[in-house]
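>>> got a sequence here, can you build the structure:
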Amino acid sequence: VGFDENNILLTNGEYRNRYLAQDKNSVNGKIIKINFNNYNYQILSMGHRNPQGIDIDTVNRIILSTEHGPKGGDEINLIEYDKLENDLIPNFGWPIVSIGDHYGGAKNKKKYFLKKSHKENGFIEPIKSFNEAIGISEITKLYGNLYVVSSMKDKAIYFFKLKKNKIFELTRVEVFERVRDIIFHKKKLYL
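Predicted coordinates for the structure are as follows:
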């Protein structure tokens, strides 16, 4: 996704190397900004499992990203532009914390224990976590403070409003098909 005239954003999963999402020397489990003139990159956020969609809201100076959690735990995360300039990289906690559980039942639950509170463990709390996996996919701003996110497993789209970096009025609309991508163009939403 284009960030500005010199940079693009790239979401990168951890590729089943969980520990790399917390390693600042790896691009796995990160959202990175890449300068396409000199190919330098900057890690914008870390602690991601499998980011899917991204929206750059230049008016509100935020980046919204969607992320497949483990069994349950799909997330919508918010990154504020103004917090990107410090040396502290926003960290969303994977693989230490998620409201979801690892696949593989009790064996993996015991081996790879997930804490449930982001904030209590020093990480950034998602602005929305889904207890049941919806197969979250793309996210886009419609206008003002109205946004929409799509899902594949749930075969629905979700409209929501954002105020003071919090979601309210989340409304599910069933579309009866998996929705991977959405685009809002000339006042029309394309699925």
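>>> now do the contacts for residue 64.
When contacts are counted by CB atoms under 8 Å, 6 or more residues apart in numbering, residue 64 touches 54, 55, 57, 76, 77, 78, 79, 139, 141, 147. For the C-beta atoms, the positions are set from N, CA and C on the backbone; glycine is no exception.
>>> using CSV, lay out these together with neighbour count.
Rendered in CSV, the data for these read as follows (neighbours: other CB atoms under 10 Å):
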residue, neighbour count
54, 21
55, 21
57, 16
76, 24
77, 25
78, 22
79, 20
139, 21
141, 19
147, 21
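>>> list just the nearest of those to residue 4.
Nearest to residue 4 among the contacts of residue 64, counting by CB to CB, is residue 57 at 13.4 Å.
>>> which strand or helix spans the residue lying closest to the closest one once chain neighbours are set aside?
Distance criterion CB to CB, 6 or more residues apart in numbering; nearest residue to residue 57, sequence neighbours excluded, is residue 141 at 5.3 Å. Under the criterion of DSSP states H and E, residue 141 resides in strand 136-143.
>>> helix or strand right after that strand?
strand 146-151.
>>> give me the angle between that following strand and strand 136-143.
160 degrees (axes from the mean of the first three to the mean of the last three CA atoms, to 10 degrees).
>>> strands paired with strand 146-151, and their directions?
When sheet partners are counted by DSSP bridges, strand 146-151 sits next to strand 136-143 (antiparallel), strand 156-163 (antiparallel).
>>> what are the buried residues along it?
Within strand 146-151, the residues that count as buried by 16 or more other CB atoms under 10 Å are 147, 148, 149, 150, 151.
>>> what lies in contact with that strand?
53, 55, 64, 66, 76, 134-142, 157-162, 178-182, 184, 189, 191.
>>> residue 100 against residue 73, yeah?
Yes: in this structure, residue 100 is within contact of residue 73 by CB atoms under 8 Å, at 2.4 Å.
>>> looking at the two, which is more packed in?
residue 73 (24 against 21; other CB atoms under 10 Å).
>>> verify the stated contact: the more buried one with residue 134.
No: using CB under 8 Å, residue 73 makes no contact with residue 134, being 10.5 Å away.
>>> which helix or strand lies directly C-terminal to the one helix or strand in the chain whose mean pLDDT sits lowest?
Lowest on mean pLDDT, DSSP states H and E among the helices and strands of the chain sits helix 105-111, with a mean of 64. Next in sequence after helix 105-111, counting helices and strands by DSSP H and E, comes strand 128-130.
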